[in-house]
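Colleague: Turn this into a structure:
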Amino acid sequence: MLAAVFSVVLAVSCVYAQDERLPIIFTPTFGTLMGGDELVFTAPNITSSGGQVYCRFGDVDQVTVAGVVAPDGLTRCVTPVLYEIGRVPLQVSVDGGSTYGYGANFTAVLGLSGVNLVNINSNWQRPIKSATSPLDLPAWRELIREPLTMTWDRDSLDSASVDVELWGYKEEGNMASWDFMYTVASQVRNTGSYTFTPESRPDSEYHIGSIRVSAYTGQEGQANVRALWSSVHALAWQLEELFYRDPVSWSAQRCQAWREAEKELPNFVPDMPPCPCTLKQALVDTGRFQADPGCSLMAGSTCTYHPGAVHCVRSVAASPDGAGQQCCYAADGRELFTGDTAGGSTPDRGHVFGAPPYRVPPRVPSFSHWLHDVVTFYYCCLWSDNCDVYFELRPTDDCSRYVPPKAGAMFGDPHVITLDGKSYTFNGKGEYTLLQADDVRLRIQARTAQVSNAQGNPVQATACTSLVMREGESDTVEVRLPSARDVDAPQVLVNGEVVSGTLVLSGVFVISNSPSNVTVHFQSGVGVEARSEGGFLTALVLVPPNLKDKTQGLLGTWNDNPDDDFTTPSGDTVSSTADPMTVYNDFGASWAITSETSLFVYTIQEEVMYAEKHDPSFTPIVNPPPLPAESAEGRKMAQICGDNDQCVFDFTVTRSEALAASTRWAYDWYQAVSKDTRKVASCPYVPTPEHGSKVGGPSYVENGTVTTACNQGYVSHPTRTVTCKADGTWDGVPGTCVASSASTAAVAGGVIGGVAVLCVVIGLLVWRMRDDKESKRSKDYKTDDKKESTPET
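Modeller: Here you go, the predicted structure:
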């Protein structure tokens, strides 16, 4: 359920010193969580002392590995198995471990694998069916006995022969460990490929594992050696004979055992972040959610684990319990519930990326998730028909607690739309605070540079060329336009080092699914999307509701009051109706950063260019004269811009069709995101009625409907279809299925009861009329009697 690609462009990096320790130059600076990567130290003073070299990884749970000095004079250390992602402290001793005078950070990442398991989704893990298709036992039994093949890069291991070993992962109490299980094959020729037929093994305590290929040494199960690892997978191919004889019964027993063990663990579901109510919300809430690579519209994946879904997202940040939320959606945009379909959303006890303190289960990145959420899904849903057991303990969130983020943007000759929706133009030349939130120590800074017109001549206008950001002690991420004008794709730098692909780092996640788009996720839920369109950089910032009333910068103070968005760092407020030059000088320029607060990494040229963080000598055009509508340029502008004011401004100032088109596109993008992040009412989940079902794709958001269909012999009562109202309530009582005879009896009883009531009412009326008549007769009698007793006058 986890797939990612990581790569590092720079082969060698000078990593800054840790505390007072001397810096180290080594390569590579990124490596796999499973270890086995060889670090090569190129600084000559590392080996000058001639003593034994040791590398110590980690801060709390330290692992020490002995280094070697190779014939070429370079020192090498092999990375151990690690249980945390992001920056891992690395200390080096050159005096036999007496002192560790060198320090740096090694970055451990998920997703790297050196051994490819051919046909992993069928031959190795055996998910023969989807969660809704029937299990083909004959095909499965035949497949179980088929040979398994693995491949690797033979040149990655400097050895004529290799050992192929199986290692297993387990969690016991507060400890997680990778342990050697057995040797699959020893002293195999290093051809880069190996095929074998699996044999049954005694029942094992290990549910998931990984294949390791390492240089042959004659000693099996050695830790901390140069090695290549496969991806983590379910160990269905090496299980006991009972599994081979009856895999369904075996899996069902494992599923029930998991159910009982799970009930003894704390309930993590109440503290999960709520799911977005719609697919549109899920796609644009890039601060708190990211696409599940196993079910992604962008990746075109098949959603094997969630049949019927077209897209799933996972929460970026873990819950306080270290858990992760998952939310899945149908093509029509509605959230899918496990009570309605096997493709519904299921939260995870172990967050995919783990959570500090990483070593403590179930907080171990990837591995805890596999153990608690993935292989258990295999047992209950893919290898047996017990999905109801799994869904009972992994219920779908109903989105009733979800509050969308708020969007702000910077684009074009820079036009800014604040979080409160206030639009203005600030084309300063320099480096400025786009957004800061002191509560989470978030800083997003933007760099602008002067732009040129279509003829290549500079004009008095600027555009954003780089964004740099950091939250708390996270890694620093910069997204910048490359200096080469013929390259449109932005560069990504992490702590000053150029990287590419998808990175899970310390306190921040970087995803680049397309060459022109980079998404940065922070733990606070803030998301930044940087896109290069037409050679210009656009920034869209999504801010979660927990930071409302806590933002500052060019994107303003988010409090639903645009009148105070022009607030300076000193707390002064510039009028929201001030003229453009007043806004430029008194508000925009006040947010220029300083050398002390800058997060940027500078080249020598940039140090000179941005010595002053705001260029006071640069005077922008703020009121360009309008172009005649009947002119050729006016017609071209109208064709590109339509009625978009920002686009018209940029075309008028620069005559650049590319900039104008980029501005129009960016504004439309912002408008679409703002529309998709609006609040949507949701109604309580309606359980599937006994003796019936829900048809037509039940939807629990505003204007959505739930329709009950009853089995033969049953009818829906009291309402067959209910509609979700804007206030989050149903317009009727959702139907249940009652027996037809019971319904008839109920109707008959109602009629009889109605007749009885009518009879009682009539009886009371007759009684009242008779009582009135008797009363009148009594009065008349008394009157007549009185008359007879009165003497004549």
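
Colleague: for stretch 255-270, which positions count as buried?
Modeller: Within stretch 255-270, the residues scored as buried using 16 or more other CB atoms under 10 Å are 255, 258-259, 262, 268-269. In short, each C-beta sits where N, CA and C put it, glycine included.

Colleague: In contact with the closest residue to Lys725 other than its chain neighbours, which residues?
Modeller: Spatial nearest neighbour of Lys725, chain neighbours left out: Asp731 (5.5 Å); criterion: CB to CB, 6 or more residues apart in numbering. Asp731 sits next to 722-725 when contact means CB atoms under 8 Å, 6 or more residues apart in numbering.

Colleague: ok, Asp731 to Met609 distance?
Modeller: 63 Å (CB to CB, to the nearest Å).

Colleague: Which residue ranges make up the domains of this protein?
Modeller: 6-109, 115-245, 247-393, 406-599+609-621, 692-740 (automatic domain parsing).

Colleague: and those domains, which is most packed in?
Modeller: Of all the domains of the chain, domain 247-393 has the most neighbours on average by mean count of other CB atoms under 10 Å, namely a mean of 21.

Colleague: Span of that domain from start to end?
Modeller: Using CA to CA, to the nearest Å, one end of domain 247-393 lies 23 Å from the other.

Colleague: and it, how far out from the chain's middle?
Modeller: 12 Å (CA atoms, centre = their mean, to the nearest Å).

Colleague: got JSON lines for the buried residues of stretch 255-270, with distance to Cys399 and pLDDT too?
Modeller: As requested, the buried residues of stretch 255-270 are exported to JSON lines (distance: CB to CB, whole Å; pLDDT from 0 to 100):
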{"residue": "Cys255", "distance to Cys399": "28", "pLDDT": "95"}
{"residue": "Trp258", "distance to Cys399": "27", "pLDDT": "95"}
{"residue": "Arg259", "distance to Cys399": "26", "pLDDT": "96"}
{"residue": "Glu262", "distance to Cys399": "24", "pLDDT": "93"}
{"residue": "Phe268", "distance to Cys399": "18", "pLDDT": "94"}
{"residue": "Val269", "distance to Cys399": "14", "pLDDT": "92"}
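
Colleague: Would you reformat those residues as JSON lines and include secondary structure and distance to Phe651?
Modeller: Shown next, in JSON lines, are these (DSSP: H, G, I helix; E, B strand; the rest coil; distance: CB to CB, whole Å):
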{"residue": "Cys255", "secondary structure": "helix", "distance to Phe651": "63"}
{"residue": "Trp258", "secondary structure": "helix", "distance to Phe651": "62"}
{"residue": "Arg259", "secondary structure": "helix", "distance to Phe651": "64"}
{"residue": "Glu262", "secondary structure": "helix", "distance to Phe651": "61"}
{"residue": "Phe268", "secondary structure": "coil", "distance to Phe651": "54"}
{"residue": "Val269", "secondary structure": "helix", "distance to Phe651": "53"}
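
Colleague: The stretch 601-750 of the chain: strands as residue ranges?
Modeller: Secondary structure of the stretch 601-750 of the chain (DSSP state E, counting those that start in this stretch): strands located at 692-695, 705-710, 714-717, 721-723, 736-739.

Colleague: Now render those as CSV, adding distance to Thr151 and mean pLDDT.
Modeller: Listed next are the strands of the stretch 601-750 of the chain as CSV, based on distance: least, CB to CB, whole Å; pLDDT from 0 to 100:
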stretch, distance to Thr151, mean pLDDT
strand 692-695, 47, 92
strand 705-710, 50, 94
strand 714-717, 57, 92
strand 721-723, 55, 95
strand 736-739, 55, 94
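
Colleague: So which of those strands is nearest Asp373?
Modeller: Asp373 sits nearest to strand 692-695 of all those, at 26.3 Å, using CB to CB.

Colleague: now the closest residue to Gly192 other than its chain neighbours: how far from Ala66?
Modeller: Leaving aside its sequence neighbours, Gly192 sits nearest to Arg154 (CB to CB, 6+ apart; 3.7 Å). Separation of Arg154 from Ala66 (CB to CB) stands at 26 Å.

Colleague: picking that back up, redo the strands of the stretch 601-750 of the chain as CSV? Include distance to Pro361.
Modeller: As requested, the strands of the stretch 601-750 of the chain are arranged in CSV below (distance: least, CB to CB, whole Å):
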stretch, distance to Pro361
strand 692-695, 38
strand 705-710, 39
strand 714-717, 47
strand 721-723, 43
strand 736-739, 42
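
Colleague: My guess is Val69 contacts Val53. True?
Modeller: Yes - applying CB atoms under 8 Å, one finds Val69 in contact with Val53, separated by 6.8 Å.

Colleague: could you pull out the helices for this structure?
Modeller: Secondary structure of the chain (DSSP state H): helices located at 137-144, 241-245, 247-263, 279-284, 367-369, 375-377, 387-393, 580-582, 604-609, 632-641, 645-654, 657-676, 740-789.

Colleague: hey, least reliable of these by pLDDT?
Modeller: The minimum mean pLDDT among the helices of the chain belongs to helix 740-789 (a mean of 43).

Colleague: Could you give the number of residues near the closest residue to Asp727 other than its chain neighbours?
Modeller: Distances taken as CB to CB, 6+ apart put Ala681 closest to Asp727, at 6.7 Å, once the chain neighbours are dropped. Ala681 has 17 neighbours, counted by other CB atoms under 10 Å.

Colleague: Quick check: bridge partners of Leu435?
Modeller: Beta-bridge pairing of Leu435, defined through DSSP bridges, involves Ile444.

Colleague: In contact with it, which residues?
Modeller: So Leu435 contacts 408, 442-444, 526, 541, 543, 551-555 (CB under 8 Å, 6+ apart).

Colleague: Touching, Leu555 and Leu540? I think so.
Modeller: No - using CB under 8 Å, Leu555 makes no contact with Leu540, being 10.6 Å away.

Colleague: Which neighbours do the two have in common?
Modeller: Common contacts of Leu555 and Leu540 (CB under 8 Å, 6+ apart): Gly408.

Colleague: where's Ala530 relative to Leu467, distance?
Modeller: Taken as CB to CB, the span from Ala530 to Leu467 is 5 Å.

Colleague: Return every residue with contacts to both of those two.
Modeller: Counting by CB under 8 Å, 6+ apart, the common neighbours of Ala530 and Leu467 are 479, 537, 539.

Colleague: quick one: pLDDT of the first one?
Modeller: In this model, Val479 is scored at 95, pLDDT.

Colleague: Nearest residue to it in space, please, no chain neighbours.
Modeller: Leaving out its chain neighbours, Val479 is closest to Ala530 (CB to CB, 6+ apart), at 4.2 Å.

Colleague: go on, the last one?
Modeller: Excluding its sequence neighbours, the residue lying closest to Ala539 (CB to CB, 6+ apart) is Met410, at 4.6 Å.

Colleague: now that neighbour: how far from Ser662?
Modeller: Taking CB to CB, one finds Met410 at 12 Å from Ser662.

Colleague: okay, and the common contacts of those two?
Modeller: Common neighbours of Met410 and Ser662 (criterion: CB under 8 Å, 6+ apart): Thr538.

Colleague: For Leu82, list the residues it contacts.
Modeller: Per CB under 8 Å, 6+ apart, neighbours of Leu82: 33-35, 57-58, 63, 88, 108.
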